[in-house]
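Asker: All I have is the shape, not the residue letters:
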């Protein structure tokens, strides 16, 4: 499969040099074109799209996605409306006698998913499409959805992905972990791409960290985020409160014998 068919969809520009020859060639080669979704034509059950340079086309609703497009109550799924005014990748199914260009997004999604089935344990570049309270939903290529649960995002107790730099529309690398073939769904891991810093840190090292929740039972300190595969606990003087999400400078104090992966830090200062 052509590598560009694995590019996440989104805000790719239309071809300002689009022509009928390009469209016919794409039909012959099975390659995709970038199409901007204009609106849902409910009367004809299709999406009207712009191919650039004055060329328009339609994507029948049943050719728009491999995921369910109709809810049990008959309403159209939100994942259709989510793509209005955005660009998608579509292949040319046919050119009708009246000049109507009929496209398929579903066909390329199926090809992409079949390709991804061969890439278990591979690292893919994903686009973050939404942030939920349990993880990141990503587009791993040509509209195929994937999930990076927070437990696979990092080892720290994160409840807000945005403050550590993950935002909708940005890209993130992740490793394919498992597949749900029936739902065309992938599970991915981000933290596995990073080494555990506990293997190289030593007592007395000065490091930076992001503080998380305060815990006062066994740990009596603040959970902290060092990198996606390394967490720690920060000790601070009783008169200093470290707000959630604060960036701090700390000294490596010791390692817990009962949790060799848990680094104990001593607070030094805040980072502005």
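Answerer: Perfect, I can see it now. These numbers come from a predicted model, not from an experiment.
Asker: tell me the contacts of residue 145?
Answerer: 67, 129, 137, 138, 139, 184, 185, 186 (C-beta atoms under 8 Å, 6 or more residues apart in numbering). Placement of C-beta: from N, CA and C, glycine included.
Asker: what residues does the lowest-mean-pLDDT helix or strand in the chain touch?
Answerer: The helix or strand of the chain with the lowest confidence, counting by mean pLDDT, DSSP states H and E, is helix 78-81 at a mean of 80. Applying C-beta under 8 Å, 6+ apart, the external contacts of helix 78-81 come out as 40, 47, 61, 64, 65, 67, 69.
Asker: Pretty sure residue 137 sits against residue 147.
Answerer: Yes. Using C-beta atoms under 8 Å, residue 137 is in contact with residue 147, at 5.9 Å.
Asker: who does residue 172 bridge with?
Answerer: For residue 172, the beta-bridge partners are residue 126 (DSSP bridges).
Asker: measure it to residue 223 for me?
Answerer: 22 Å (C-beta to C-beta, to the nearest Å).
Asker: for residue 38, same thing?
Answerer: 47 Å.
Asker: What is the neighbour count of the closest residue to residue 41 other than its chain neighbours?
Answerer: What sits nearest to residue 41 in space, not counting adjacent residues and going by C-beta to C-beta, 6 or more residues apart in numbering, is residue 48, at 5.4 Å. When neighbours are counted by other C-beta atoms under 10 Å, residue 48 registers 16.
Asker: Which of the helices or strands spans the nearest residue in space to residue 243 that is not next to it in sequence?
Answerer: Among residues not flanking residue 243 along the chain, residue 211 sits closest, at 7.2 Å (C-beta to C-beta, 6+ apart). Using DSSP states H and E, the element containing residue 211 is strand 206-215.
Asker: and that strand, what other elements does it pack with?
Answerer: When contacts are defined as 3 or more C-beta pairs under 8 Å, 6 or more residues apart in numbering; DSSP states H and E, strand 206-215 packs onto strand 221-227, strand 230-235, strand 247-255, strand 262-270.
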